[in-house]
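Engineer: Fold the following and give me the result.
(one chain, ligands or ions: 1)
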Amino acid sequence: MKQGFLKAAVLISGTGSNLKALIDAIGTTRLDLNIVQVVSNRAEAAGIAHATTAAIPVSVISHADFPDRQSHDAAVAKVLEQSGAELIILAGYMRILSEDFTRHFSGRMINLHPSLLPLYKGLDTYNRVLESGDNETGASIHFVTAGLDSGPVIAQVKLPVLPGDDADSLKARLGPLEHKLLIATVDLFCKREITYRQDAVLFLGEIIKQPLQLKPDGRFI
Ligand code: GRF
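Structural biologist: This next block holds a predicted model:
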């Protein structure tokens, strides 16, 4: 099914460790990905340096420079379209998106979220997991639709919650798993094995009833 390198754009707001993981995977594994554009909505985002080091074009489009969400999203969309990206990857992009923006990129925009969706949409997921007493958590990658963190889930990775865990320890253990999940999921896109249809995820042409689960060896079951 593979037809050459997949062109992608990555949107960030902060640290950019997931962007860095993708860049490293291109160099060290056979991830057939070409990151053609990075967009940050914050000029001070540390992740911008990862893109610059890898000679990836970066656009800083600060939301503070626009009168409203709609006009900021329109400026971001213009840059993304001009880049030729086939897949838009939200990796720590801390913005609520306008409906126009999500509709425009429907079926070709994915988001990484630090919980087992549909549980704990939105912010502060680690503390909410701990308060609920759940014995496991994880991360999800989903297609982006108009509702916050609500689009169909493509893949997940699970992590046990241990006695004595706090938000920092959960975040520290989940981070490397998120990197693996993102690389493995993007790899499926590079192989053209994942598609979107009417609010559903198709894997190898079949609708999946449950998200793909990442195993410790970095593969899906
Ligand atoms: C990740 O935890 C991701 O799940 C969430 O934002 C964080 C981004 O981290 N959406 P980084 O900027 O890639 O280090």
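Engineer: May I see the buried residues of stretch 22-33?
Structural biologist: Leu22, Ile23, Ala25, Ile26, Leu31, Asp32, Leu33 (16 or more other Cβ atoms under 10 Å). Where you see a C-beta, it was placed from the backbone N, CA and C, and this is true even at glycine.
Engineer: Let's test this: mean pLDDT of stretch 161-180, rounded?
Structural biologist: Mean pLDDT, computed over stretch 161-180, is 97.
Engineer: can you give me how far it is from the chain middle?
Structural biologist: Relative to its chain's centre, stretch 161-180 lies at 18 Å (Cα atoms, centre = their mean, to the nearest Å).
Engineer: what comes into contact with that stretch?
Structural biologist: Contact with stretch 161-180 is made by 17-18, 21, 112, 114, 126-127, 129-130, 134-139, 157, 159, 214, 218, as judged by Cβ atoms under 8 Å, 6 or more residues apart in numbering.
Engineer: Could you give me the PyMOL syntax to select whichever of the residues you listed are buried?
Structural biologist: Restricted to buried positions by 16+ other Cβ under 10 Å, the PyMOL selection for the contacts of stretch 161-180 reads:
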select buried, resi 17+18+21+112+114+126+129+130+137+138+139+157+159+214
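Engineer: Filter the contacts of stretch 161-180 down to the ones in strands?
Structural biologist: If you go by DSSP state E, those have Leu112, Glu136, Thr137, Gly138, Ala139, Val157, Leu159 in strands.
Engineer: if I pick Val186, what's in contact with it?
Structural biologist: Leu6, Ala8, Leu22, Leu31, Leu33, Leu87, Ile89.
Engineer: Around the ligand, pick out the residues from this structure.
Structural biologist: 12, 14-18, 47, 91-92, 112-114, 139, 178 (Cβ under 6 Å from any ligand atom).
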